[in-house]
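1. Kindly return the folded structure for what I paste below:
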Amino acid sequence: MLSERNRFAAAAAALLLATSLGAAVQSHWIRATDSAGLDGIQSSRLKFADLNNDLRPDAVILPNDRTSPLRLFLNQAAPNTSLDFRYIEISNTGLPALSKADIIVFADIDNDGTQDAIIGRNLDIYQSDYKPPDEEPTHSSWLPGNGDGTFGSPVRINDASIATSCAIAVGDVNEDGLPDLFIGNWYERYFSGYEAYANDLLLQYASPDGQTDFVRWPLPNETVPTDFTTDLGGRPTYGTAFVRLDDGLPMLVELNYGRRWNRLYQMDTRHPLRQLADYPATPFIPGEADAMPAHLVRHLKGRDIAPSAGVDGDSIRHGRHQKWPQELANDKPRSMRPDEPPFRANGNTFDVGVGDIDNDGDFDLFFSTIFHAWAGDSSDRSRFLINQFAQSGKTTFEESKHLSVDRLPAPPDPGEKWQYHHVRQNQGDIFAELADLDQDGRLDLILCSSDYPDEPPYEERLRIFIQQTDGSFADQTAELGIDHVGAGMPSLADVDLDGDLDLIVGQSFNRLTSEKRRAAALVSGALAPDSPEDAAPQTRATLFLNPAADYKHSLTLSLNGDPKNRVNRDALGAIVRLTADLDNDPATPDVTQMRQLLGPGGHAGKQNQLIIHFGLGQATQATRVEIIWPNPQRQKTILENLPAGHHQIHQP
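-> All right, here's what the predicted structure looks like:
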């Protein structure tokens, strides 16, 4: 029997042969969960992070309930195995028990070179059956990493709201070299009104005794009473992110639920009398304990530009539901609900993918959104938003039908009857990510859909859309050999250190029929083919290994910032431009790609390995690499003729 590594080689040989004959063939991805030591894991949310500083992505598995513990696996070399690596579970991590609604992400909060854990407690305090966490920390906190996959005692983030926290992003919004947090909060009381908590932007500073601390920056209009016209105040947020979309500071992305408008905060600083090179200015009352946090809050400014930028929702604002024939509406009671007011006329937006999909020098967005056919035009669809900054100098976004990834049945022709599948149809797009999976220099789309029992070919599953030469995105999931129904959180990393991006993805059976659960469990191996019909199907997380490194080259960077030069140790917010001759033909022009090092962010604290990855196609080197470090000076590092492979780069 061929090992998985040998199957990679065989697939690559087949691809090269097919290419020489002019055929367009994709190599199958390898389902390697069991071989990698991650078999039997039931989880919808998981992530990669290097927790022991060996440049190998470790795996963190979150529980599906209140009683199961969080699990942590270290990626370790295993030279005599089929994969040359294996995940080994460690115990006594020091991490607390988490409920399914709690959030955990990993980043180097204190800039000591080791990943720390940040926990957002989902505290639904206004519910009559509310129960506080069973163990410390009982509030949102961070735990310092020990560098071996274990963590120290929790440190409470005092300024974090006691709220229904459900998203955490990590970045450096004021570019002072200290990582900040953007915590997204949800409804104050779900099913009992539309009121929601305001979100928490937490700016890091060093307290007078030198300890890591945070001060909350008030978001614009957060104290305005909810009027459901302009819908100011808090909105139920499912995703947050720090993203650089122009030449200024990182912006705050707020992805909102309940068909409420998304927000995009453009940030700026009030320049002190002293030069920007001296930023942040020394507090005006030296030695006073509250001087620095007060100064940081006063110094940072921001405003919501989502409506003018075109990212708050699509252009349809009337909120009217689809009007179904009576016999169909009776079968789907939700379709008979009253039309929605304008403040509920747009997205159930969960997640965002960020990348320069057209290689024009600015960063585009993909919003993953749950669409319900019964809601009609009052429910947005998942969509690409193309940044116009490179063309106009303004941060505005445009949609393109050329880039649609809809999987909805076409409406009936005039005179034909509406069918039940038109009423029941959803697009449960909860997670999304952009990455160059086939290493051709063009970003591709990972779209994870779940939670609704739609029929094939519209079922909710993991889908891989590969970008074509004309810039469109083609669903090539089947060609890649991927079959994963009910796709939960994805995470990308180079787990086998071969240069391409591999994928782990959770699974959710929420709302699926028993037949669909069984079919999905048979594919994942959670059920054996001869299992009794009444055997309970279980979800399975799945690790897919990408074979792209066997036929195309890549360049990967691990960046190390210098906090003394106002760059956080993880270098979150760094922008890298790479130029290479992707087809290895001197007669054709070189291609310039751009990437941004994003920390945890999006829905539920989605997180990837903290690396910058470029596909090089047939090129064996990058002719030029430009790293723009995320400090006020925008310090640059220029590298020429950098060979393919992995490189560690330290800020000079």
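2. who's in contact with stretch 36-43?
-> 33, 59, 61-64, 71, 73, 83, 85-89, 488, 495, 504, 506-507, 525, 538-541, 543 (CB atoms under 8 Å, 6 or more residues apart in numbering). For glycine as for every other residue, the C-beta is placed from the backbone atoms N, C-alpha and C.
3. Spell out for me the PyMOL command that would select the buried members of those residues.
-> Filtering the contacts of stretch 36-43 down to the buried ones (16 or more other CB atoms under 10 Å) takes a single PyMOL command:
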select buried, resi 33+59+61+62+63+64+71+73+83+85+86+87+488+495+504+506+507+538+539+540+541+543
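4. is it fair to say residue 59 lies in a strand?
-> Yes: under DSSP: H, G, I helix; E, B strand; the rest coil, residue 59 falls within a strand.
5. show me the contacts for it.
-> With contact taken as CB under 8 Å, 6+ apart, residue 59 is in contact with 38, 46, 47, 48, 72, 73, 75, 87, 504.
6. what ranges do the helices span in the stretch 451-600 of the chain?
-> Ranges of helices in the stretch 451-600 of the chain, per DSSP state H, counting those that start in this stretch, are 514-524.
7. So which of the contacts of stretch 36-43 sit within strands?
-> Filtering these for membership in strands, criterion DSSP state E, returns 59, 61, 71, 73, 85-89, 488, 504, 506-507, 543.
8. CA atoms only for stretch 38-47 - export them in CSV, please.
-> Listed next in CSV are the C-alpha coordinates belonging to stretch 38-47 (Å, rounded to 0.1, in the frame of the first residue of the first chain):
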residue,chain,number,x,y,z
LEU,A,38,-6.0,13.7,15.2
ASP,A,39,-8.5,10.8,14.7
GLY,A,40,-11.8,10.8,16.5
ILE,A,41,-12.1,14.5,17.2
GLN,A,42,-15.6,15.9,17.5
SER,A,43,-15.4,19.7,17.2
SER,A,44,-16.8,22.4,15.0
ARG,A,45,-14.2,25.0,16.0
LEU,A,46,-10.4,24.5,16.0
LYS,A,47,-7.2,26.3,15.0
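9. what comes into contact with stretch 492-504?
-> By CB under 8 Å, 6+ apart, the residues outside stretch 492-504 that reach it are 29, 36, 38, 46, 48, 56-57, 59, 75, 83-85, 433, 435-437, 439, 446, 490-491, 541-550, 553-554, 556, 608-609, 611, 613, 644-646.
10. again, 7 Å this time
-> Contacting residues not belonging to stretch 492-504 are listed as 46, 48, 57, 59, 75, 83-85, 433, 435, 437, 439, 446, 490-491, 541, 543-546, 548-549, 554, 556, 608-609, 611, 613, 645 [CB atoms under 7 Å, 6 or more residues apart in numbering].
11. Can I get the ones in strands among the contacts of stretch 36-43 in a markdown table including distance to residue 146 and pLDDT?
-> Shown next, in a markdown table, are the ones in strands among the contacts of stretch 36-43 (distance: CB to CB, whole Å; pLDDT from 0 to 100):
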| residue | distance to residue 146 | pLDDT |
| --- | --- | --- |
| 59 | 18 | 98 |
| 61 | 19 | 97 |
| 71 | 18 | 96 |
| 73 | 17 | 98 |
| 85 | 22 | 98 |
| 86 | 22 | 98 |
| 87 | 19 | 98 |
| 88 | 17 | 98 |
| 89 | 17 | 98 |
| 488 | 29 | 98 |
| 504 | 24 | 98 |
| 506 | 27 | 98 |
| 507 | 31 | 98 |
| 543 | 26 | 98 |
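12. Pick out whichever of the residues you listed sits closest to residue 244.
-> Residue 244 lies nearest to residue 504 out of these, by CB to CB, at 26.7 Å.
13. dump the residue contacts of residue 116.
-> Per CB under 7 Å, 6+ apart, neighbours of residue 116: 106, 107, 108, 109, 110, 142, 143, 144, 145.
14. Now do it against residue 619, distance only.
-> Noted for residue 116: a distance of 37 Å to residue 619, by CB to CB, to the nearest Å.
15. ditto for residue 179
-> Relative to residue 619, residue 179 is positioned 34 Å away (CB to CB).
16. Name the residue in the two with the higher neighbour count.
-> Legend: neighbour count by other CB atoms under 10 Å for residue 179 and residue 619, higher for residue 179 (30 against 26).
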